[in-house]
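> below: sequence and its predicted model.
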Amino acid sequence: MPKAYIISSYRKISDPEKLAAYAKLAGPAIMAAGGRFLARGVAAKAMEDGRLDRTVIIEFDTLEAAMATYDSAPYQEALVALGNAVERDMRVVEGVA
């Protein structure tokens with residue numbers, strides 16, 4: 001069964017304090033659900049579209065685990081804390097088997 005990845009690209013951060021509050025809740029919720037942070041930070045180099053966005057990549061053992069984490073009560077609580085403090089693109093991608 002292939003692994004799955006949640007990939008987030010933060011296009012704009014308008015309230016760093018709310019982002020920090022979100023991170024305090026989201027990190028433990030993700031790790032408790034089996035998620036592993038593979039990358040977290042501003043891009044070292046940008047090619048093509050040229051965006052040096054903050055990017056986060058989280059690995060899960062299965063697509064179902066990634067989706068269940070997003071839908072979980074602890075992660076939804078983190079999203080409430082985040083509010084509209086960021087503009088981001090978030091996707092779930094299944095890995096190559």
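Nice, I can see it.
> give me the neighbour count for the nearest residue to Lys3 once chain neighbours are set aside.
In space, not counting the residues next to it along the chain, Lys3 is nearest to Gly95; the distance is 4.1 Å by Cβ to Cβ, 6 or more residues apart in numbering. Heads up, the C-betas are built off the backbone N, CA and C, glycines and all. Gly95 sits with 14 neighbouring residues when counted by other Cβ atoms under 10 Å.
> partner residues bridging the nearest residue to Met67 once chain neighbours are set aside?
If you skip the residues right next to it in sequence, Met67 has Val92 as its closest partner in space, 6.4 Å away by Cβ to Cβ, 6+ apart. On the basis of DSSP bridges, Val92 is bridged to Ile6.
> just checking, Val92 touches Ala68?
No: with the criterion set as Cβ atoms under 8 Å, Val92 and Ala68 do not qualify as a contacting pair; they are 10.9 Å apart.
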